[in-house]
Every structure is written in C-alpha cells, then in structure tokens.
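Colleague: Let's see this in three dimensions:
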Amino acid sequence: MNKAIIFCRVSSKEQEETGYSLSAQQKLLNDYTQKLDLPISRTFSISESASGSKQRNVFNEMLSYLEKEHIKILVVEKTDRLTRNIKDAVAINEWIEKDPERQVHFVKENVVLHKNSRSNEKFIWNIKVSVAQYYIDNLSEEVKKGQKEKLSQGWLPTKPPLGYKTVGEKGKRIHVIDEIRQSHATKMFEYYGSGLYSLTKLASQLSEEGLRSESGKRVPRSRIHGYLRDTFYIGLNRWNGKTTIGNQETFIPKELFEKVQNILTGKNTPKYSKHDYLFKGLFKCNECGGTITWETQKGIVYGHCNHYRDCSQATWVKQPDIEDQLITCFAKLEIKNTRLMEWIRKALAESHKEETEQYKQSVEDLNNRELQIKTRLSKLYDDRLDGKIATDFYETKFAEYTKERDEITSHKQRHNSADTKYYESVSALYDISQRAKEKYRGANLETKRKLLNLVYSKLMLDEGNILYTYTEPFRVLSEAIDTTNSSKEMEKANLLGESFEPEEMLGVPSLKSLSDGTCPIWLP
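Modeller: Below is the predicted model of the structure:
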C-alpha cells in the first residue's frame, strides 16, 4: 500500500492567530488521508518562528525522506504551503518527473499533481508558484523600505545589543537602556579595556557575575566579541554594510570603546597558556628590553631573560624573592607620621567640596543645552512628517543635532564620572598606597596583577633586582609622600600640632593631579 507524508507550514504569526495554525493544518490533512485510506509515514512542520535556514533544512529533509523511503505521495494544504520560490518548485517538479506514480495532493485546491497531469494543471501550478515568489519578493522589498525608514529616523531595525531593550508599539519601537543588564555591558568593556582579559576569560568572568542569554545559557565568546565590536554603543548604527547616526542614548564612553577596538585589532591582546604565572608579561629585562620568561623547575617558579637579543643577564630569580622585593617597594609609599595622614584626609575632603560645586554648575549647563537639542530634534521630526521640510534638509540637520547631542552626552558622562569617582578615586589611591603590602599579601593571583598594573607603569629586572616606574597618579602620590616623610615636614608637624593646615605642607603636589589617573573599582 502506498504511504504518504504530510507537509505543514505557517509563514507568519498573523496566520497562526487567525486559525491557520500548524495543528489546524495537520488535522485537515489527517482527515484527508483517512478518507483516502492513506497511511501517514511522517509529518514535517515549519512554524513561523523558524529561521530561513531552518526552513530550508526541513524542506530538504522532506525531499530526502521521500527518496530514501520510496514514498509516492506528498500531501499539503495548498501551493504556497509547500513552496514560495522557483528553486523549490523545480525540486518538486524533478521529484515528480522521475516516477509516474509520484503525486502531490493540494487539498484545499482539490488538485493532484503528477507526471502525467494535464498541461493546464501544470501551467496553473507554475503560475501559483510564480505568484508566491512575487509575493515574497514584494514583501522583502517592503521590509527593506521599512528598515531604511527606521534607520533614517535614527533607530536600528533589529534587536539591540547587550545593555539595551526594545520598547513601544509595533511600528514605533525604539531602543532604550536596559537598567537590569546595563552593568554587564559596562563591565564587559571595562574588563576587556583593562588589557587583563582574553575573550575566553572575559566570557567566563561575566558568566560568573550572572550574565546569561535570553534562554538562560552562558553567553559564548563569539557573542561577547560581537558586542565589543558593535558601534551601537557609541551611537552609530551599522546595517547591511552601511553606518548611520543613531538616536539611542549611549553609556559607553567613546574613549573606552576605541581602546577596546585597539586591543581587539592589535598585537597586545592578552593570551593565556597552560601555566598562568603571576608575573607573566609584567617584567622586562633592564638590559635588552625583552620580556622576562617564567617557568617551573622542580616546583619552584623562576624568571629569567630569554636572550632574544644580545644580553649578558644570567640570573634566574625565584618568584618568592621578587614578591619580597615588591613588599619592600610598597612600604616606600607609606606615610610615617599618623598626624600627617589625618591632615591629608582633611585636604582630600576639602578638595572634593570645591570640585562638587564646579561639577554641579557644569552639569546644569549641559542639561539645559541637551534639552534644547531634544526640542529641536522633536520639532524637526514633526516638520518632516508634516511635509514642511525636504528629506535632504532633514537628514543634514538631524546629523548636526545628533552629533551635538552625542557630544553633550559624552561630556556629561565624563562629568558624572568625575563627580562620583573624583573623591573616591583619590581616597582609594591614597588608601591603597598606605595598605599596599597588606592588600598584596592577601590577594589572589588576578588581584595581585591588577594592583601591580595600577601602581607601576614599568617593571624591570636587572640580575634579579627590581627596577620600577610608577604610573602617573602614584608618581604624584609618591612625591607627596616623600615630602611628608621628610625630616623637615615631620618636624613642622610636631611643632605646629593641631594648628597645622593641609595647605601649609611644602612641596606637596596638587591633590587634583592624583585624580587624573584611574583607580579601578575592582580593587578591594
């Protein structure tokens, strides 16, 4: 007895909602085969949510099953449920022409197509396929028009990246910051921008901190890489190889984004081997400038120059000996006089008060200007809808206002960062300098690396001895500490007692200069 297979397809969500569901199709086709006493070998279904590639795979799987299982009869609802393109129609025709017993039953159209069908039936079949193809082509064209219009309004016609969400009714949807996932996106850029993470390690770190995909799975390395490359975060929408100015609010500073791009495309992307040594990549040879190599010999980690260039350095230094030297270096940052320590804290608080007043005025000016720009953009859009201005004029002014708005946003981000982190950064730098030994001793491998990168811009080895250069904020802080630790300042502090004021310290650099560096929030 001949067997049949059933092929069901729903092409849109609207069809499902108006009674053309897969289950409704399947019931119709099951009733039909029962009337003809046709056993069903298998049912193939394609839902509206399936991607184009998934639909193609199911269709090809169905054709392969017909051939492999020698099925003679294919049952579908109607022509456009089977195929909507010429390529698939050709495949169906070839399958039919190979065997006169093969048939395609179009139930709602009351047609059975086979090799010996009348010419008018085949003609109608081809016409229906062509119409379906035209419908799809026209639909694609309308979609592209809609996408182009969406882009011209400053919105991306697809799902936004991590840290954003889509809101609004259909046809008026826009992308806004997702307060719940924004922190993940910010940390993603900050972590990778630190230069301490590979993409693999970054994906693991974000996963540990709770980042998950919409399906609840871990976000893969490739997706993280795509996010880091996405110009959407700096207000530029990329679509089909073209970049347009976006209307979305941004929260990733352009400077950080550009730094991340340099790391992604440069040669300084961090790489991790089987042995993740503490000092890997941190020390250079003082003689030849080559990177110090670290390796394990009989359970002990040694560092030595690899002599890639002519070099006379021969010492293999043990890692514990290097750490002892670092502890001594950290001790040089400590202030010896406790009274001076309290005066410096007082100076920090006074400096923060002055900076806060300046910040408030600057932000107020920026907010007023931003409100003006938003009002102009809104009026510009209304004038375009009303046909009062030409498209070329609209696009020119839109680009002009959007650029100015983005510049204001960038300035506000810097001011916000300065206001929230100025006092905290300087205080944290000061606190780190006084407790660096304890912090280093109690830290894990990753935190030790971060501490070393924060304090030192250059670490060299010369026959096992450490030579170092401070990062700019710690250079300034070191000079201040050297001054306060001098016998002259110690004597002055003891003589003046409580009447001594912070500004009376001689030679101490400006506290503001300390905040010009960056103190990361991830140090405990």
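Colleague: Surely Lys259 is in contact with Ser194?
Modeller: No. In this structure Lys259 lies outside contact range of Ser194 using Cβ atoms under 8 Å: 9.4 Å. (Glycine included, C-beta is placed from N, CA and C.)
Colleague: For the stretch 301-450 of the chain, which segments count as strands?
Modeller: For the stretch 301-450 of the chain, the strands defined by DSSP state E, counting those that start in this stretch occupy 317-318.
Colleague: just for it, where's the confidence low?
Modeller: Residue ranges of the stretch 301-450 of the chain with pLDDT under 70: 337-362, 411-430.
Colleague: Show me which of Lys259 and Ser194 is the more surrounded one.
Modeller: Ser194 (20 against 16; other Cβ atoms under 10 Å).
Colleague: With Ile263 as the reference, measure out to that one.
Modeller: 9 Å (Cβ to Cβ, to the nearest Å).
Colleague: Next, give phi and psi for Asp462.
Modeller: Note on Asp462: its backbone torsions stand at phi -130, psi 100 [degrees, to the nearest 10].
Colleague: from now on call the first residue 45
Modeller: All right, first residue 45 from here; so that's Asp506.
Colleague: Enumerate every residue touching the closest residue to it other than its chain neighbours.
Modeller: In space, and not counting its chain neighbours, Asp506 is closest to Asn330: 3.9 Å by Cβ to Cβ, 6 or more residues apart in numbering. Asn330 makes contacts with 357, 504-506, 511, as judged by Cβ atoms under 8 Å, 6 or more residues apart in numbering.
Colleague: and if you look at Gly333?
Modeller: By Cβ under 8 Å, 6+ apart, the neighbours of Gly333 are Arg353.
Colleague: doesn't it fall inside a helix?
Modeller: No. Gly333: not assigned to a helix; according to DSSP: H, G, I helix; E, B strand; the rest coil it is coil.
Colleague: how about the helices in the stretch 45-194 of the chain?
Modeller: In the stretch 45-194 of the chain, the helices defined using DSSP state H, counting those that start in this stretch lie at 57-61, 66-79, 96-112, 123-126, 130-141, 163-196.
Colleague: Those into JSON lines, with extra columns for distance to Asp426?
Modeller: Supplementary listing: the helices of the stretch 45-194 of the chain in JSON lines, determined by distance: least, Cβ to Cβ, whole Å:
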{"stretch": "helix 57-61", "distance to Asp426": "31"}
{"stretch": "helix 66-79", "distance to Asp426": "44"}
{"stretch": "helix 96-112", "distance to Asp426": "38"}
{"stretch": "helix 123-126", "distance to Asp426": "41"}
{"stretch": "helix 130-141", "distance to Asp426": "45"}
{"stretch": "helix 163-196", "distance to Asp426": "15"}
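Colleague: Can you add mean pLDDT, mean neighbour count and distance to Ile366 and give these back as TSV?
Modeller: Output for those, formatted as TSV (pLDDT from 0 to 100; neighbours: other Cβ atoms under 10 Å; distance: least, Cβ to Cβ, whole Å):
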stretch	mean pLDDT	mean neighbour count	distance to Ile366
helix 57-61	48	13	64
helix 66-79	90	15	67
helix 96-112	87	13	54
helix 123-126	82	22	72
helix 130-141	85	15	67
helix 163-196	74	14	55
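Colleague: Among the ones you listed, which comes closest to Met232?
Modeller: Among the helices of the stretch 45-194 of the chain, the nearest to Met232 by Cβ to Cβ is helix 163-196 (25.5 Å).
Colleague: Name the next helix or strand downstream of the closest one, please.
Modeller: Downstream of helix 163-196, the first helix or strand assigned by DSSP states H and E is strand 208-211.
Colleague: Compute the mean per-residue pLDDT across the helix or strand hosting Leu511, please.
Modeller: Assessed by DSSP H and E, Leu511 sits inside strand 509-514. Strand 509-514 shows a mean pLDDT of 92.
Colleague: list the contacts for the residue nearest the centre of the chain?
Modeller: In the chain, the centroid-proximal residue (Cα atoms, centre = their mean) is Tyr271; its distance is 2.8 Å. Applying Cβ under 8 Å, 6+ apart to Tyr271 gives the contacts 205-206, 229, 232.
Colleague: That's all I had, so thanks and see you.
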